[in-house]
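Visitor: Would you be able to build a 3D model of this:
(chains A, B and C)
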Amino acid sequence: MTQPVTQLTTQPMHPLLEIRGLRKQFGTLDVLKGVDLALNQREVVSVIGSSGSGKTTLLRCVNLLEEFQGGEIVLDGESIGYRVSDGRRHRLRDRELSRQRSMTGMVFQSFNLFPHLSAAGNVMLGLRKVRRMARDEARAIAEKWLARVGLAARADHYPSQLSGGQQQRVAIARALAMDPKLVLLDEVTSALDPELVQEVLNTVKSIADDGATLLIVTHEMRFARDVSNRVVFMEQGQIVEDGPPSEIFGNPRSQRLAEFLRNTRT
Amino acid sequence: MELFLDQVWTARWPLWDGFLLTIEIAAAAIACGTLLGCLVGIQLVFAPTLIRLPFRIYVDVMRGTPLLVLILAAFYIPSVVGLNLSATQAGIVALALFAGAHIGELLRGALQSIPPGQSEAARSIGLTFPQMLAYVLLPQALRSALPPWINTGVELIKGSSLLSMIGVGELLLKTQEVIGRTFMTIEFYVFAGVLYLVTNILLDQLGKTVERRVGGHL
Amino acid sequence: MGYSLHFGAIWASFDRLLFGLALGLGLAAAAVLVGTIIGLLAAFASVGPSRIGRLVAGTYVTLIRNLPLLVLVLLVYFALPQAGIRLDKYESFIGALALYSGAYLTEVFRGGLLSVPKGVVEAGRSIGLTRFQTGLWVTAPIMLRNALPSLGNTFIGMFKDSSIAAAIAIPELTFEARKINVDTFRVVETWLVASALYVATCFAIASLLRGLERRFPKF
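Guide: Residues are numbered from 1 along each chain as shown, chains lettered A, B, ... in the order given. Sure thing, here's the model as predicted:
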């Protein structure tokens, strides 16, 4: 496939995603304590860490599903989620937020397919209502992406008729069809039966190979090593280490990462 | 407004009598209905199929028939079969039969939701069936059946208003009589409405309080 | 006992009873239709962000559910003309029953709303649908399907409540039955038949409902 999977940024010298000093609290609990992360176009970055480290929250902030109290997220040069006027920070309005959300794609741990729509319908909904495409055009694109994830034959099946792995692949197609600048994957195989995990990992690898820009939260260490350009280790709301897979897995610099890797080895 | 309050004061005794009768009717109906309902509920859960059947039919017929139809039937039928019932008595019979079916269904659900381990434990310490029922099953079932039971009480107070259609002098009929005299239609219907509202809301609150006290450690 | 059953007089007027039955179904259907709109609005308001919305919805439900339907019907029928609004019998009964069913339907739809998995709503937001679009294309279809059984039961309840239309002389089943009872003195037969008609209809609707539920199970 020669065409890039995710959109080309208009400013190739800029990182596609810049997270600066991100802070988030849930009530009185500090979940993200100043996270800095940059992602370049066509980069695949995996985020690892124990549960409670804030990895999922990080993703949900980028996707604007969560609010954040401090710091900034800049997507392709645009600061998302908030605007500053008179020195005060305001959350953007629903319409603006929705537009910004359509620039990122998200694949959830529990798939979250729309149960009342077929596979094609799931992929088409965003195309028709957000991109305002005509039905035929949307259908053609949906079929293309379903074929891309290997589910062309199931376009008219409903989620209840699909296996977990198939549902997750439809979810991937749904995210990609929106032509996002970056795709966020939140533990996309954690809710799957073991024998279904590989088909999803293969799909993710294949879109990574096509040049997609991905930010992946995962427990699958071998997969993270295989598919990523960089791996980031988070603990207690902060990034502790950030480097290429060979460094992170082969030569952990911090005590905490070493311990984490020890504990996750089966 | 002054005129209205004036009229309320003038009519205070008939209105009060009507309100009182409403409460009495609902109380009588819930008392009889609960006794009946307990019998029905127990039969529906524990009786052999053949005995269960008439009770099942009773419940299904009562639940499929509008209350008004039951009331009218209870009003017209007794005299032709030789029974002499006043309109009020007929009304209470209808409401009690109605309540009995609902409470029976209620109790059935409550009994069936008790984990089977309870009756197994009761049997294994040697309790007879009536003892098990009285000391283990019913206490638990009645606790979970309490909120819907209060709800049935509220339904009976609302249902008592239908007795106005067979000439029983409860709150609604008395209100209509006052309207007939004064022509203050909106005012007095609203007045009656408010009385029903307040009564039912208070009953609901009472139910919640009792539920909290009694249902604590379940 | 001295009373023997003769159904002849009942069969002679059976067509009036059937017409009354159909009328009752029609009244219930019209009321539930309007009530659904009211119920949907109130349900969304009751889980929505506006505190006033939640208060209004909650008050509406509490008010109506604790009021006898007959009082509501009489209020709408007799009292509204005094306030200058003229409605005919049918309109005012359907209006009252719609208000009444709306309160019950609010609870039905609220339960339906709460049964929509949060993750699916988030998926809708994350592909860029606005709150309104998500509500319309994702939440509402799922909620309506999950609420189908309760919706059906409410319709059955409203059909039984249509008997109260007899109080304002609408010729539905109960009214006709009472007339036949008074005209023919065939007391037992009349009420047996009337009751049987109601029970049979409710049973038929319930069976239809169960069939629908099997074809369209909950999400």
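
Visitor: all contacts plus neighbour counts: C-alpha atoms, from now on.
Guide: Fine.

Visitor: where does B:Val81 land on pLDDT?
Guide: According to the prediction, B:Val81 has pLDDT 82.

Visitor: how close does the closest residue to A:Ala173 other than its chain neighbours get to chain B?
Guide: Nearest residue to A:Ala173 in three dimensions, chain neighbours excluded: A:Trp145, at 5.4 Å (CA to CA, 6 or more residues apart in numbering or on different chains). For A:Trp145, the distance to chain B equals 49 Å [CA to the nearest CA, to the nearest Å].

Visitor: And the helices in the chain?
Guide: Since you didn't name a chain, this refers to chain A. For chain A, the helices defined by DSSP state H occupy A:55-62, A:94-101, A:119-129, A:135-148, A:164-177, A:194-209, A:221-227, A:245-250, A:255-264.

Visitor: Actually, chain B is the one I wanted.
Guide: Counting by DSSP H, the helices of chain B are B:2-10, B:12-46, B:49-64, B:67-80, B:87-112, B:116-124, B:129-132, B:138-160, B:171-182, B:185-214.

Visitor: right, is the third one up against chain C?
Guide: Yes: residues of helix B:49-64 contacting chain C under CA under 8 Å from any CA of the partner chain: B:Asp60, B:Val61, B:Arg63, B:Gly64.

Visitor: Would you agree the last one is in contact with C:Tyr198?
Guide: Yes: contact criterion CA atoms under 8 Å: B:Gly64 and C:Tyr198 qualify, at 6.2 Å.

Visitor: now A:Gly150: how far from A:Val217?
Guide: From A:Gly150 across to A:Val217, the span is 23 Å (CA to CA, to the nearest Å).

Visitor: Pick out whichever of these two has more residues nearby.
Guide: Between A:Gly150 and A:Val217, counted using other CA atoms under 10 Å in any protein chain shown, A:Val217 has the larger neighbour count: 24 against 16.

Visitor: residues contacting the more buried one?
Guide: A:Ser46, A:Val47, A:Ile48, A:Lys55, A:Thr56, A:Leu185, A:Asp186, A:Glu187 (CA atoms under 8 Å, 6 or more residues apart in numbering or on different chains).

Visitor: Nearest to A:Pro245, out of these: which one, please.
Guide: A:Ser46 (9.2 Å; CA to CA).

Visitor: could you say what helices and strands the helix-or-strand element of chain C with minimal mean pLDDT packs with?
Guide: Using mean pLDDT, DSSP states H and E, helix C:80-82 stands out as the lowest-scoring helix or strand of chain C, at a mean of 79. Applying 3 or more CA pairs under 8 Å, 6 or more residues apart in numbering or on different chains; DSSP states H and E, one finds that helix C:80-82 makes contact with helix B:185-214.

Visitor: so how far is the helix it packs on from its chain's centroid?
Guide: 15 Å (CA atoms, centre = their mean, to the nearest Å).

Visitor: average pLDDT across it?
Guide: Helix B:185-214 shows a mean pLDDT of 90.

Visitor: How many neighbouring residues does C:Leu33 have?
Guide: With other CA under 10 Å as criterion, C:Leu33 counts 16.

Visitor: For it, grab phi and psi.
Guide: Dihedral pair for C:Leu33: phi -60, psi -50, per degrees, to the nearest 10.

Visitor: Just the pLDDT for it.
Guide: Reading off the model, C:Leu33 has pLDDT 96.

Visitor: and stretch A:222-229, C-alpha only, in PDB?
Guide: Extracted C-alpha coordinates of stretch A:222-229, given in PDB (Å, rounded to 0.1, in the frame of the first residue of the first chain):
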ATOM      1  CA  ARG A 222       6.700  -9.100  22.700                       C
ATOM      2  CA  PHE A 223       4.400  -7.300  20.400                       C
ATOM      3  CA  ALA A 224       5.500  -3.900  21.700                       C
ATOM      4  CA  ARG A 225       9.100  -4.900  21.000                       C
ATOM      5  CA  ASP A 226       8.200  -6.100  17.500                       C
ATOM      6  CA  VAL A 227       6.100  -3.300  16.300                       C
ATOM      7  CA  SER A 228       7.300  -0.100  18.000                       C
ATOM      8  CA  ASN A 229       9.800   2.500  17.000                       C
END
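
Visitor: Rounded mean pLDDT for it, please.
Guide: pLDDT averaged over stretch A:222-229 gives 92.

Visitor: ok, residues contacting it?
Guide: With CA under 8 Å, 6+ apart as the criterion, stretch A:222-229 contacts A:43-46, A:201, A:205, A:208, A:218, A:231, A:244-246, A:249.

Visitor: Let's have those residues in JSON lines, adding distance to B:Phe19 and neighbour count.
Guide: Below are those laid out as JSON lines (distance: CA to CA, whole Å; neighbours: other CA atoms under 10 Å in any protein chain shown):
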{"residue": "A:Glu43", "distance to B:Phe19": "78", "neighbour count": "20"}
{"residue": "A:Val44", "distance to B:Phe19": "76", "neighbour count": "24"}
{"residue": "A:Val45", "distance to B:Phe19": "74", "neighbour count": "26"}
{"residue": "A:Ser46", "distance to B:Phe19": "72", "neighbour count": "28"}
{"residue": "A:Leu201", "distance to B:Phe19": "72", "neighbour count": "18"}
{"residue": "A:Lys205", "distance to B:Phe19": "76", "neighbour count": "18"}
{"residue": "A:Ala208", "distance to B:Phe19": "76", "neighbour count": "20"}
{"residue": "A:Thr218", "distance to B:Phe19": "68", "neighbour count": "21"}
{"residue": "A:Val231", "distance to B:Phe19": "76", "neighbour count": "27"}
{"residue": "A:Pro244", "distance to B:Phe19": "82", "neighbour count": "17"}
{"residue": "A:Pro245", "distance to B:Phe19": "81", "neighbour count": "23"}
{"residue": "A:Ser246", "distance to B:Phe19": "84", "neighbour count": "14"}
{"residue": "A:Phe249", "distance to B:Phe19": "81", "neighbour count": "18"}
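
Visitor: B:Val168: how many residues sit nearby?
Guide: Look at B:Val168: counted by other CA under 10 Å, it has 23 neighbours.

Visitor: just the helices of chain B: most buried one?
Guide: Ranked by mean neighbour count under mean count of other CA atoms under 10 Å in any protein chain shown, the helices of chain B are led by helix B:87-112, which reaches a mean of 24.

Visitor: Do that helix and chain C come into contact?
Guide: No: judged by CA under 8 Å from any CA, helix B:87-112 stays clear of chain C, getting no closer than 13.0 Å.

Visitor: picking up where we left off before, redo the helices of chain B as TSV? Include distance to chain A.
Guide: Formatted as TSV, the helices of chain B follow (distance: least, CA to the nearest CA, whole Å):
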stretch	distance to chain A
helix B:2-10	51
helix B:12-46	36
helix B:49-64	33
helix B:67-80	39
helix B:87-112	31
helix B:116-124	33
helix B:129-132	45
helix B:138-160	34
helix B:171-182	48
helix B:185-214	30
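
Visitor: Can you add distance to C:Gly58 and give the ones you listed back as TSV?
Guide: Formatted as TSV, the helices of chain B follow (distance: least, CA to CA, whole Å):
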stretch	distance to C:Gly58
helix B:2-10	29
helix B:12-46	26
helix B:49-64	28
helix B:67-80	27
helix B:87-112	26
helix B:116-124	38
helix B:129-132	42
helix B:138-160	18
helix B:171-182	26
helix B:185-214	13
